[in-house]
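> Model the following, please.
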Amino acid sequence: MNAFSRAVTEVDFQELVVKRRSVRKFKKDKVPENLVQNVFEACRWSPSAGNSQPWHIIVVSDTETKNLVGSICTKYSRQHWKRFPPDRARYLAARGGTWDKSYMKDVPVLLFASYKTEKGYRNGLALGSAWVAVENMLLAIANEGLGGCIYTFLNRREEDEIGKVLKIPVTHRVACMIQIGYADVEPPQPARKELKEIVSYQQF
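Numbers count the residues shown, from 1 in each chain. Have a look, this model is predicted:
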């Protein structure tokens, strides 16, 4: 029996979707391997364009590597934050954001969602498929009682530097990093638009 043999009710799923949060502060407790494996199973069963399954997940738990990743992300984030209007910087800071990514060395697990690119293939489809897998993993992370947060790279240079550290082949791009651990704080429920603002019928 695998992790997905258990029945999930409609109410369970709705509660899971609503309770999922972007956690930016983690406890240092180690994440049990069986929980991480359940997250990977959620990735494995994700739908993809033409069932291409273009994803490859790199798991980083080594402190030295996490510290190097944090240094690279800090370098690019510092540059980016300098260009933020003051109100934007205040908004991000209020949500726990900061240009200093040195905390990454203390995040128990970093997952890098990479995807294969191919000549003659619409790579936007591969990227889209990778993001579907990311959403499956985020829901699985919440389902396992863990906290998770997406980190997207600011530009191709940052992505390429991370790729060199992780020895990612040139045939692959990286969609994002997912930080995983036990939440040290419970983020408040974020504001959401009303359905009438995001849904229309027949035409836009």
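> Who are the packing partners of the longest strand seen in the chain?
Ranked by residue count, the top strand of the chain under DSSP state E comes out as strand 172-181. The contact analysis (3 or more CB pairs under 8 Å, 6 or more residues apart in numbering; DSSP states H and E) places strand 172-181 against strand 109-116, helix 123-143, strand 147-151, helix 156-165. No exception for glycine: its C-beta is placed from N, CA and C like everyone else's.
> can you put those in JSON lines and add mean pLDDT and distance to residue 80?
Converted to JSON lines, the helices and strands packed on strand 172-181 look like this (pLDDT from 0 to 100; distance: least, CB to CB, whole Å):
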{"stretch": "strand 109-116", "mean pLDDT": "97", "distance to residue 80": "20"}
{"stretch": "helix 123-143", "mean pLDDT": "95", "distance to residue 80": "21"}
{"stretch": "strand 147-151", "mean pLDDT": "96", "distance to residue 80": "13"}
{"stretch": "helix 156-165", "mean pLDDT": "96", "distance to residue 80": "9"}
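> So which of these is nearest residue 94?
Among the helices and strands packed on strand 172-181, strand 147-151 comes nearest to residue 94, with 15.8 Å by CB to CB.
> tell me the angle of the closest one relative to strand 109-116?
Counting by axes from the mean of the first three to the mean of the last three CA atoms, to 10 degrees, strand 147-151 lies at 50 degrees to strand 109-116.
> Next, report how far strand 147-151 is displaced from the centre of its chain.
Its chain's C-alpha centre and that of strand 147-151 lie 5 Å apart, by CA atoms, centre = their mean, to the nearest Å.
> Which elements pack onto it?
Packing partners of strand 147-151 (3+ CB pairs under 8 Å, 6+ apart): helix 123-143, strand 172-181.
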